[in-house]
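Enquirer: sequence and computational prediction follow.
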Amino acid sequence: MDIHNPRGSGTQLRRAPPGEAYDIPLRCLIPEKVENLLVAGRCISGTHEALSSYRVMPISMATGQGAGVCAALSLRHSIPVRQVQAGEVQKELRRQGAILRI
């Protein structure tokens, strides 16, 4: 992670401990006040520190895949994206070959 100083110059470089990982909850991809919209990549909701790790291309790609799967499930079941169950998204991501920690 490279955490840019929001008040000026300087960057902190940090690495996750070996074998450690983090999850990105599906709710980070669903805006609070807009229905049937999903966001991905640098647009997802998170803290300044979290942004330092999820703004990179592999994570942007993964959140994009998650958003796409959620949108497809929403259409398939004729329900708003907010009602799609995270477990169903995870199941489909695994079927597609995504590596999920949980």
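Expert: Arrived safely. Numbering: from 1, shown residues only.
Enquirer: got the contact list for the residue positioned nearest the centre of the chain?
Expert: Closest residue to the average C-alpha location of the chain: Thr63 at 4.0 Å, with CA atoms, centre = their mean. Residues in contact with Thr63 (CB atoms under 8 Å, 6 or more residues apart in numbering) are Ile24, Cys28, Leu29, Ala40, Gly41, Ile44, Tyr54. C-beta here means a position set from N, CA and C on the backbone, and glycine is covered the same way.
Enquirer: kindly reformat those as a markdown table containing distance to Arg94.
Expert: Output for the contacts of Thr63, formatted as a markdown table (distance: CB to CB, whole Å):
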| residue | distance to Arg94 |
| --- | --- |
| Ile24 | 15 |
| Cys28 | 19 |
| Leu29 | 17 |
| Ala40 | 19 |
| Gly41 | 21 |
| Ile44 | 21 |
| Tyr54 | 20 |
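Enquirer: will you turn those residues into JSON lines that also has secondary structure and distance to Arg76?
Expert: Output for those, formatted as JSON lines (DSSP: H, G, I helix; E, B strand; the rest coil; distance: CB to CB, whole Å):
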{"residue": "Ile24", "secondary structure": "coil", "distance to Arg76": "22"}
{"residue": "Cys28", "secondary structure": "helix", "distance to Arg76": "22"}
{"residue": "Leu29", "secondary structure": "helix", "distance to Arg76": "17"}
{"residue": "Ala40", "secondary structure": "coil", "distance to Arg76": "19"}
{"residue": "Gly41", "secondary structure": "helix", "distance to Arg76": "24"}
{"residue": "Ile44", "secondary structure": "coil", "distance to Arg76": "23"}
{"residue": "Tyr54", "secondary structure": "helix", "distance to Arg76": "27"}
